[in-house]
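Enquirer: take this sequence and fold it.
(chains A and B)
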Amino acid sequence: MWTDEGEGKVLYVQTHGVSDPGRCATPFFLAASAAAMEVEVAIYFTMYGPTLLQKDVIDKIGPKGDRGQPLAYFIKQATDLGVRLYVCQPSLELNDLALDELIDGVEMIGGAAFNDMAMRADAVVSF
Amino acid sequence: MPIAETPAQVLDCKGLQCPMPVIKTAQAIKTLDPGQVLELLATDPGVEPDMKAWSSRTGNELLAIDRDGDVFHVFLRRAG
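Expert: Residues are numbered from 1 along each chain as shown, chains lettered A, B, ... in the order given. Presented below is the predicted three-dimensional model:
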(Lines give C-alpha, C1' and ligand atoms only; values in the text may rest on other atoms or scores of the structure.)
Protein backbone atom coordinates (compact mmCIF):
# COMPACT_ATOMS: atom_id res chain seq x y z
CA MET A 1 0.00 0.00 0.00
CA TRP A 2 1.13 3.56 -0.61
CA THR A 3 3.18 5.38 2.02
CA ASP A 4 2.81 8.80 0.31
CA GLU A 5 6.53 9.33 0.83
CA GLY A 6 7.45 9.64 -2.87
CA GLU A 7 7.09 12.48 -5.35
CA GLY A 8 4.02 10.85 -6.86
CA LYS A 9 2.75 7.32 -7.30
CA VAL A 10 2.67 4.96 -10.29
CA LEU A 11 0.94 1.59 -10.25
CA TYR A 12 1.83 -0.96 -12.94
CA VAL A 13 -0.38 -3.96 -13.65
CA GLN A 14 1.16 -7.10 -15.16
CA THR A 15 -1.28 -9.66 -16.56
CA HIS A 16 1.13 -11.72 -18.69
CA GLY A 17 2.98 -14.75 -17.42
CA VAL A 18 5.64 -17.32 -18.20
CA SER A 19 4.10 -18.35 -21.51
CA ASP A 20 4.98 -14.96 -23.00
CA PRO A 21 8.57 -14.19 -21.86
CA GLY A 22 8.90 -11.23 -24.23
CA ARG A 23 6.33 -9.43 -22.08
CA CYS A 24 7.87 -10.35 -18.73
CA ALA A 25 10.53 -7.68 -18.16
CA THR A 26 9.28 -4.30 -19.41
CA PRO A 27 7.03 -3.54 -16.41
CA PHE A 28 10.12 -4.05 -14.20
CA PHE A 29 12.22 -1.69 -16.40
CA LEU A 30 9.62 1.03 -16.28
CA ALA A 31 9.00 0.55 -12.58
CA ALA A 32 12.74 0.82 -11.91
CA SER A 33 12.92 4.01 -13.96
CA ALA A 34 10.03 5.52 -12.04
CA ALA A 35 11.59 4.55 -8.71
CA ALA A 36 14.83 6.25 -9.81
CA MET A 37 12.74 9.44 -10.23
CA GLU A 38 11.86 9.26 -6.53
CA VAL A 39 8.35 8.17 -7.39
CA GLU A 40 6.63 5.54 -5.26
CA VAL A 41 6.06 2.47 -7.42
CA ALA A 42 4.11 -0.78 -7.15
CA ILE A 43 3.46 -3.61 -9.57
CA TYR A 44 0.28 -5.63 -9.19
CA PHE A 45 0.39 -9.12 -10.72
CA THR A 46 -2.94 -10.54 -11.74
CA MET A 47 -4.34 -13.06 -14.24
CA TYR A 48 -1.16 -14.90 -15.39
CA GLY A 49 1.20 -12.32 -13.89
CA PRO A 50 1.92 -14.16 -10.61
CA THR A 51 3.62 -17.00 -12.55
CA LEU A 52 6.53 -14.59 -13.16
CA LEU A 53 7.28 -14.39 -9.45
CA GLN A 54 7.89 -18.08 -8.81
CA LYS A 55 11.19 -18.78 -7.02
CA ASP A 56 12.03 -21.63 -9.38
CA VAL A 57 11.17 -19.68 -12.55
CA ILE A 58 12.89 -16.30 -12.31
CA ASP A 59 16.35 -17.62 -13.21
CA LYS A 60 15.01 -19.79 -16.03
CA ILE A 61 13.24 -17.26 -18.22
CA GLY A 62 14.15 -13.88 -19.65
CA PRO A 63 12.71 -11.47 -22.20
CA LYS A 64 15.15 -12.68 -24.89
CA GLY A 65 15.28 -16.34 -23.95
CA ASP A 66 18.83 -17.60 -23.48
CA ARG A 67 20.29 -14.34 -24.80
CA GLY A 68 20.60 -11.54 -22.28
CA GLN A 69 19.72 -11.32 -18.63
CA PRO A 70 17.23 -13.57 -16.82
CA LEU A 71 14.04 -12.21 -15.32
CA ALA A 72 15.62 -12.35 -11.84
CA TYR A 73 18.02 -9.57 -12.86
CA PHE A 74 15.19 -7.20 -13.78
CA ILE A 75 13.17 -8.03 -10.68
CA LYS A 76 16.17 -7.32 -8.43
CA GLN A 77 16.90 -4.06 -10.24
CA ALA A 78 13.35 -2.88 -9.50
CA THR A 79 13.05 -4.14 -5.93
CA ASP A 80 16.50 -2.76 -4.98
CA LEU A 81 15.11 0.69 -5.86
CA GLY A 82 12.10 0.15 -3.62
CA VAL A 83 9.51 -1.12 -6.10
CA ARG A 84 6.90 -3.19 -4.25
CA LEU A 85 5.24 -6.30 -5.65
CA TYR A 86 1.64 -7.35 -5.02
CA VAL A 87 -0.53 -10.34 -5.91
CA CYS A 88 -4.10 -11.31 -5.16
CA GLN A 89 -5.41 -14.65 -3.95
CA PRO A 90 -7.71 -15.46 -6.90
CA SER A 91 -4.88 -15.03 -9.37
CA LEU A 92 -2.65 -17.33 -7.32
CA GLU A 93 -5.46 -19.85 -7.40
CA LEU A 94 -5.92 -19.43 -11.16
CA ASN A 95 -2.31 -20.50 -11.59
CA ASP A 96 -2.36 -23.15 -8.84
CA LEU A 97 0.23 -21.26 -6.84
CA ALA A 98 0.73 -20.58 -3.14
CA LEU A 99 2.34 -17.42 -1.75
CA ASP A 100 5.30 -19.41 -0.39
CA GLU A 101 6.20 -20.52 -3.92
CA LEU A 102 6.82 -16.90 -4.85
CA ILE A 103 9.97 -14.88 -4.21
CA ASP A 104 10.36 -13.16 -0.84
CA GLY A 105 8.81 -9.76 -0.39
CA VAL A 106 5.68 -10.26 -2.49
CA GLU A 107 2.66 -8.97 -0.61
CA MET A 108 -0.92 -10.16 -0.83
CA ILE A 109 -3.72 -7.70 -1.37
CA GLY A 110 -7.34 -8.00 -2.48
CA GLY A 111 -9.56 -6.26 -4.97
CA ALA A 112 -10.58 -3.45 -2.66
CA ALA A 113 -6.98 -2.62 -1.81
CA PHE A 114 -6.03 -2.75 -5.49
CA ASN A 115 -8.80 -0.35 -6.45
CA ASP A 116 -7.87 1.97 -3.63
CA MET A 117 -4.23 1.98 -4.78
CA ALA A 118 -5.36 2.67 -8.36
CA MET A 119 -7.57 5.59 -7.34
CA ARG A 120 -4.82 7.11 -5.21
CA ALA A 121 -2.08 6.68 -7.84
CA ASP A 122 -1.08 9.45 -10.24
CA ALA A 123 -0.95 6.92 -13.05
CA VAL A 124 -1.93 3.30 -13.61
CA VAL A 125 -0.16 1.50 -16.45
CA SER A 126 -1.48 -1.89 -17.47
CA PHE A 127 0.27 -4.60 -19.46
CA MET B 1 27.85 24.85 -23.41
CA PRO B 2 31.10 24.02 -21.58
CA ILE B 3 30.92 23.47 -17.85
CA ALA B 4 33.40 25.56 -15.88
CA GLU B 5 33.71 23.29 -12.85
CA THR B 6 35.29 19.86 -12.65
CA PRO B 7 32.72 17.13 -11.95
CA ALA B 8 33.00 15.50 -8.54
CA GLN B 9 32.29 12.15 -10.21
CA VAL B 10 32.20 10.77 -13.74
CA LEU B 11 29.72 7.93 -14.27
CA ASP B 12 30.44 5.83 -17.34
CA CYS B 13 27.23 4.29 -18.72
CA LYS B 14 28.45 3.94 -22.30
CA GLY B 15 26.92 0.88 -23.94
CA LEU B 16 24.19 0.52 -21.32
CA GLN B 17 20.56 0.61 -22.38
CA CYS B 18 17.50 2.13 -20.78
CA PRO B 19 16.82 2.10 -17.86
CA MET B 20 20.41 1.62 -16.60
CA PRO B 21 21.73 5.17 -17.17
CA VAL B 22 18.78 6.60 -15.22
CA ILE B 23 19.11 4.08 -12.40
CA LYS B 24 22.87 4.45 -12.07
CA THR B 25 22.57 8.24 -12.19
CA ALA B 26 19.95 8.18 -9.44
CA GLN B 27 22.24 6.02 -7.29
CA ALA B 28 25.42 7.97 -8.06
CA ILE B 29 24.03 11.42 -7.35
CA LYS B 30 23.08 10.35 -3.84
CA THR B 31 26.78 9.81 -3.12
CA LEU B 32 27.57 13.48 -3.88
CA ASP B 33 27.20 16.47 -1.60
CA PRO B 34 24.54 19.06 -2.50
CA GLY B 35 25.91 21.42 -5.14
CA GLN B 36 28.45 18.93 -6.52
CA VAL B 37 28.36 18.01 -10.20
CA LEU B 38 28.02 14.55 -11.73
CA GLU B 39 29.05 13.91 -15.32
CA LEU B 40 27.21 11.02 -16.97
CA LEU B 41 28.62 9.45 -20.12
CA ALA B 42 26.00 7.53 -22.10
CA THR B 43 25.37 6.21 -25.59
CA ASP B 44 21.69 5.35 -25.12
CA PRO B 45 19.91 7.62 -27.63
CA GLY B 46 17.07 8.18 -25.17
CA VAL B 47 19.34 9.74 -22.56
CA GLU B 48 18.54 13.36 -23.44
CA PRO B 49 14.74 13.23 -22.90
CA ASP B 50 15.26 10.83 -19.99
CA MET B 51 17.65 13.13 -18.15
CA LYS B 52 15.40 16.15 -18.75
CA ALA B 53 12.46 14.23 -17.25
CA TRP B 54 14.52 12.76 -14.42
CA SER B 55 16.05 16.07 -13.39
CA SER B 56 12.77 17.96 -13.46
CA ARG B 57 11.16 15.25 -11.30
CA THR B 58 13.96 14.91 -8.78
CA GLY B 59 14.93 18.58 -8.50
CA ASN B 60 18.55 17.90 -9.47
CA GLU B 61 19.73 20.54 -11.94
CA LEU B 62 20.51 19.60 -15.53
CA LEU B 63 23.41 21.91 -16.41
CA ALA B 64 24.18 20.76 -19.94
CA ILE B 65 24.08 17.89 -22.38
CA ASP B 66 27.00 17.86 -24.82
CA ARG B 67 27.22 15.36 -27.63
CA ASP B 68 30.57 14.03 -28.79
CA GLY B 69 29.94 11.55 -31.62
CA ASP B 70 27.82 8.78 -30.13
CA VAL B 71 28.56 9.79 -26.56
CA PHE B 72 26.36 12.14 -24.57
CA HIS B 73 28.01 14.02 -21.71
CA VAL B 74 25.33 14.97 -19.22
CA PHE B 75 26.19 17.37 -16.39
CA LEU B 76 23.94 17.33 -13.34
CA ARG B 77 24.17 19.31 -10.12
CA ARG B 78 22.89 17.62 -6.99
CA ALA B 79 19.99 19.52 -5.43
CA GLY B 80 20.82 21.34 -2.21
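
Enquirer: and the helices in the chain?
Expert: Picking chain A for this. Per DSSP state H, chain A carries helices over the ranges A:26-36, A:71-80, A:89-94, A:111-120.

Enquirer: correction: the question concerned chain B.
Expert: In chain B, the helices defined using DSSP H lie at B:20-29, B:47-58.

Enquirer: can you redo the helices of chain A as a markdown table with distance to A:Glu5?
Expert: In this view, the C-beta of every residue, glycine as well, is placed from N, C-alpha and C. Converted to a markdown table, the helices of chain A look like this (distance: least, CB to CB, whole Å):
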| stretch | distance to A:Glu5 |
| --- | --- |
| helix A:26-36 | 12 |
| helix A:71-80 | 17 |
| helix A:89-94 | 27 |
| helix A:111-120 | 13 |
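
Enquirer: mind putting the ones you listed into a markdown table with mean neighbour count?
Expert: Formatted as a markdown table, the helices of chain A follow (neighbours: other CB atoms under 10 Å in any protein chain shown):
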| stretch | mean neighbour count |
| --- | --- |
| helix A:26-36 | 24 |
| helix A:71-80 | 19 |
| helix A:89-94 | 15 |
| helix A:111-120 | 13 |
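
Enquirer: show me what contacts the nearest residue to B:Met20 once chain neighbours are set aside?
Expert: Residue nearest to B:Met20 in three dimensions, not counting chain neighbours: B:Cys13, with 6.2 Å by CB to CB, 6 or more residues apart in numbering or on different chains. For B:Cys13, the set of contacting residues under the criterion of CB atoms under 8 Å, 6 or more residues apart in numbering or on different chains consists of B:20-21, B:24-25, B:40-44.

Enquirer: re earlier: any idea which of the helices of chain B is most buried?
Expert: A comparison of the helices of chain B by mean neighbour count, using mean count of other CB atoms under 10 Å in any protein chain shown, puts helix B:20-29 on top with a mean of 21.

Enquirer: related to what we said a few turns ago, confidence score at the residue nearest to B:Met20?
Expert: The predicted local confidence for B:Cys13 comes out at a pLDDT of 97.

Enquirer: any idea how far it lies from chain A?
Expert: Noted for B:Cys13: a distance of 13 Å to chain A, by CB to the nearest CB, to the nearest Å.

Enquirer: how about chain B: which residue is closest to chain A?
Expert: Nearest to chain A in chain B, going by CB to the nearest CB, is B:Ala26, at a distance of 3.7 Å.

Enquirer: gap between that residue and A:Lys60?
Expert: 29 Å (CB to CB, to the nearest Å).

Enquirer: next: A:Leu53.
Expert: Relative to A:Lys60, A:Leu53 is positioned 13 Å away (CB to CB).

Enquirer: same deal with A:Val83?
Expert: Looking at A:Val83 against A:Lys60, where the rule is CB to CB, the gap reads 22 Å.

Enquirer: which one of these two has more residues nearby?
Expert: Ranked by neighbour count (other CB atoms under 10 Å in any protein chain shown), A:Val83 and A:Lys60 place A:Val83 first, with 24 against 12.

Enquirer: residues touching that one, list them.
Expert: Listed by CB under 8 Å, 6+ apart, the contact set of A:Val83 reads A:28, A:31-32, A:34-35, A:41-43.
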